[in-house]
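**Q** Have a look at this prediction, sequence included:
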Amino acid sequence: MASRKSRIILIETSASLCSVALAEEGREIAYRESSDGRQHAALTAPFVKEVLDEAGLKVADCSAVAVSAGPGSYTGLRVGSSTAKGLCFGAGIPLISLSTPDIIVSKALAGGLVPAGCSAIVPMIDARRMEVYSAVYSPAGERLTEIAPVVVDSESFADLEGTVLFVGDGALKCREVLDRPGFVFEEVFADAASMAPLAFKKLEAREYENTAYFEPFYLKDFVATVSRKKLF
């Protein structure tokens, strides 16, 4: 008997981009997206049906559902989480969650956006005004700090030296405030297709969430402080 192929439904609704993908053996085979941030609740479930129909599959033919866990939009995260949990309960398959900053960094690495000699990668998820959700990663994509809310000012990330890549949907708004030699800014949106490598790694390791008790990572509180701890 032929072995069952590994397929994952991928859902990313943490920000303005609503996207759903279907990946088979780590390769995207169907994808849908909308940049209308007001339509997540109306589009996420239909997008799931469309990618499955395109591949001629049902939810039960998949090995897992992976959802972007945030931080990000409260409403978007609720929509993605509830959709993913419903699919998992209905088909009896496991739930995988992925950190949204991890997805952004993975996409930047895969897209060749990391400049030569880069000393750190800093994903920035837009919150409001000059606020972002952020963390510091190594040039290879290893997370070095906890994901935290940051009110960006001229002293933010003062501990970082050399060439630093700021990437995400909140990066460009911080470019003028963080105008320093070596700081590079790229606007990148997390999307469902970029979740595939991370999701399949967790599938192979059987790193699943408790579907009944899983909650997204909202991280809503902001405190305007400047870190004095050296990272490198």
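**A** Great, that's in hand.
**Q** Could I get the buried residue list for the helix or strand containing residue 109?
**A** In the assignment (DSSP states H and E), residue 109 maps to helix 100-110. Within helix 100-110, the residues scored as buried using 16 or more other Cβ atoms under 10 Å are 100, 101, 102, 103, 104, 105, 106, 107, 108, 109. For every residue, glycine as well, the C-beta is placed using N, CA and C.
**Q** How is residue 19 assigned, secondary-structure-wise?
**A** Secondary structure assignment for residue 19 (DSSP: H, G, I helix; E, B strand; the rest coil): strand.
**Q** That one touches residue 33, doesn't it?
**A** Yes - at 3.9 Å, residue 19 counts as touching residue 33 under the criterion of Cβ atoms under 8 Å.
**Q** so what sits against both of these two?
**A** With contacts taken as Cβ atoms under 8 Å, 6 or more residues apart in numbering, the residues that reach both residue 19 and residue 33 are 47, 191, 192.
**Q** Top of the residues you listed by number of neighbours, please.
**A** Scoring the shared contacts of residue 19 and residue 33 on neighbours with other Cβ atoms under 10 Å, the highest-scoring entry is residue 192 at 31 neighbours.
**Q** pLDDT score for that one?
**A** What the model reports as pLDDT for residue 192 is 98.
**Q** what separates residue 8 from residue 176, distance-wise?
**A** 39 Å (Cβ to Cβ, to the nearest Å).
**Q** Comparing those two, which shows the higher neighbour count?
**A** Using other Cβ under 10 Å, the more surrounded residue of residue 8 and residue 176 is residue 8, with 26 against 9.
**Q** Now do the same for that one: helix, strand or coil?
**A** Classified using three-state DSSP, residue 8 is strand.
**Q** Can you give me every residue that contacts it?
**A** Residue 8 touches 22, 23, 62, 63, 64, 65, 66, 96, 196, 199, 200, 203, counting by Cβ under 8 Å, 6+ apart.
**Q** is it true that the second one lies in a strand?
**A** Spelled out, it's residue 23. Yes - judged by three-state DSSP, residue 23 forms part of a strand.
**Q** Mind giving me the packing neighbours of the longest strand seen in the chain?
**A** Secondary structure of the chain per DSSP state E: the longest strand is strand 118-128. Under the contact criterion of 3 or more Cβ pairs under 8 Å, 6 or more residues apart in numbering; DSSP states H and E, strand 118-128 touches helix 100-110, strand 131-134, strand 163-167.
**Q** what would these look like in CSV with distance to residue 87?
**A** Output for the helices and strands packed on strand 118-128, formatted as CSV (distance: least, Cβ to Cβ, whole Å):
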stretch, distance to residue 87
helix 100-110, 19
strand 131-134, 26
strand 163-167, 30
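**Q** got JSON lines for these, with mean pLDDT and distance to residue 76 too?
**A** Formatted as JSON lines, the helices and strands packed on strand 118-128 follow (pLDDT from 0 to 100; distance: least, Cβ to Cβ, whole Å):
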{"stretch": "helix 100-110", "mean pLDDT": "97", "distance to residue 76": "10"}
{"stretch": "strand 131-134", "mean pLDDT": "96", "distance to residue 76": "13"}
{"stretch": "strand 163-167", "mean pLDDT": "98", "distance to residue 76": "19"}
